[in-house]
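S.K.: no sequence for this one, just the structure:
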């Protein structure tokens, strides 16, 4: 994480907006959850990527209790075919895709690496509305530093969490959003706290 990152959040927000992303800045994860709930309409089908950040704001049950259908692949006691199916459906049939990002550069670019490509695809050209929640620990200087962070920190921690011996197996696909894709409504909820990996 960058030193003095709190002082750079305003710069990141300004550059994200220059790159045509909508940005909401919150102080706490609880405020982030409230902002996300405002962005999801009644009856929306919500796809959720494999994100520790999203689970950390404890929003999935709240969406379900509000009557939204939530599709995600982190389901207990699930067969592998059902997990694969949920991963695809979360991107293909959702009204809203809820995820995080691996890194945000000071220039307002989003950098992601995936095993399957479901999250990268979903963020770019999947559901019409995408909500990305990220803590300030995801902010890096540039794209090069983003890839370094993802490979040497994020993938290693995720591999340990998942019991995988080869962290490189979690970084098969890379995607950089220099600006918001034209056909996708993207809102970034940037939290002034450390969230996720």
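M.R.: Everything's here; your move. All of these numbers come straight from a predicted model, not from anything done at the bench. Numbers count the residues shown, from 1 in each chain.
S.K.: ok, and for stretch 126-142, which residues are buried?
M.R.: The neighbour-count check on stretch 126-142 (16 or more other C-beta atoms under 10 Å) flags 126-127, 129-140 as buried. From N, CA and C alone the C-beta is placed, and that goes for glycine too.
S.K.: how much distance is there from it to the middle of the chain?
M.R.: In terms of C-alpha atoms, centre = their mean, to the nearest Å, the centre of stretch 126-142 is found 5 Å from the chain centre.
S.K.: And the next helix or strand past the worst-scoring helix or strand of the chain on mean pLDDT?
M.R.: Within the chain, no helix or strand scores below helix 80-92, which has a mean of 66 by mean pLDDT, DSSP states H and E. Using DSSP states H and E, the helix or strand that follows helix 80-92 in sequence is strand 96-99.
S.K.: quick one: average confidence on that following strand?
M.R.: Averaging pLDDT along strand 96-99 yields 95.
S.K.: For the next helix or strand after it, name the packing helices and strands.
M.R.: Proceeding N to C from strand 96-99, the next assigned helix or strand is strand 103-105, under DSSP H and E. Packed against strand 103-105, as judged by 3 or more C-beta pairs under 8 Å, 6 or more residues apart in numbering; DSSP states H and E, are the following elements: strand 110-114, strand 139-140, helix 143-149.
S.K.: Now tabulate these in a markdown table and tack on distance to residue 67 and mean pLDDT.
M.R.: Output for the helices and strands packed on strand 103-105, formatted as a markdown table (distance: least, C-beta to C-beta, whole Å; pLDDT from 0 to 100):
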| stretch | distance to residue 67 | mean pLDDT |
| --- | --- | --- |
| strand 110-114 | 30 | 96 |
| strand 139-140 | 35 | 96 |
| helix 143-149 | 37 | 97 |
